[in-house]
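# structure for this input, please:
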Amino acid sequence: MSFIQGYDQESLRELVDLGECSARLEEIEGQRSLPALLERVWLLKVLDRLDEALPLADEAVRQSRMAGTRKDVLRARVLHATILQHRGAYAAAEQELATCAAEAEGQRWVSIAAFAHHHHGKNAYEAGDYETARESFKQSLFLRREAGAQDSELETVLLAIEAAERRRTSQLVSG
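Below you'll find the predicted structure:
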């Protein structure tokens, strides 16, 4: 079940039904499996409860290292980096996301690499580095196409590329 109803045209952040997300968080609160832990971190992030999300994201990374696969570790690290991004720690998030994207590409885990590049782009976008954002989104698009992604996934990335190009053009004109 996807809680994402769309993406904000300006911030590129997920648009969700806060009530549904809160209800789901309550429903899985006591679960300790890695998928439940990752879902809780994501729910806390979209509910803007970042002080709760960060230690849980740290725990998810630790748990994935102990009991998960290398792919699980990368997914947990990308999610952890998005918490850093939402807290405004763009440099730390950038480093983590770039490392995750490079590792996933090196292993030929195309969908994880696309996911990491997309979030790398969103981090750069929020940090005001629209050129890097555009390049990361383009790499995500290329990888998603290679992985046979659905049109809706491709559309999300195309909209992000357009937003980065608009901001970049605006920055060049006003700067």
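
# all contacts plus neighbour counts: C-alpha atoms, from now on.
Noted.

# if I look at the residue most central in space within the chain, how far off is residue 144?
In the chain, the C-alpha nearest the mean C-alpha coordinate belongs to residue 119, at 4.0 Å (CA atoms, centre = their mean). With distances taken as CA to CA, to the nearest Å, residue 119 is found 13 Å from residue 144.

# so for stretch 126-144, mean pLDDT?
The average of the pLDDT scores along stretch 126-144 is 97.

# run through who's touching it.
11, 90, 110-111, 113-118, 120-125, 153-154, 157-158, 160-161, 164-165, 167-168 (CA atoms under 8 Å, 6 or more residues apart in numbering).

# please convert the buried members of those into PyMOL selection syntax.
Under the burial definition 16 or more other CA atoms under 10 Å, those of these that qualify are selected in PyMOL by:
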select buried, resi 90+110+111+113+114+115+116+117+118+120+121+122+123+124+125+154+157+158+160+161+164+165+167+168
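
# return the subset of the contacts of stretch 126-144 lying in helices.
90, 110-111, 113-118, 120-125, 153-154, 157-158, 160-161, 164-165, 167-168 (DSSP state H).

# show me what the nearest residue to residue 156 once chain neighbours are set aside bridges to in the sheet.
With CA to CA, 6 or more residues apart in numbering as the criterion, residue 156 has its nearest non-adjacent residue at 8.0 Å, and that residue is residue 7. Listed by DSSP bridges, the beta-bridge partners for residue 7 are residue 14.

# strands along this protein, start to end?
Per DSSP state E, the chain carries strands over the ranges 4-7, 14-16.
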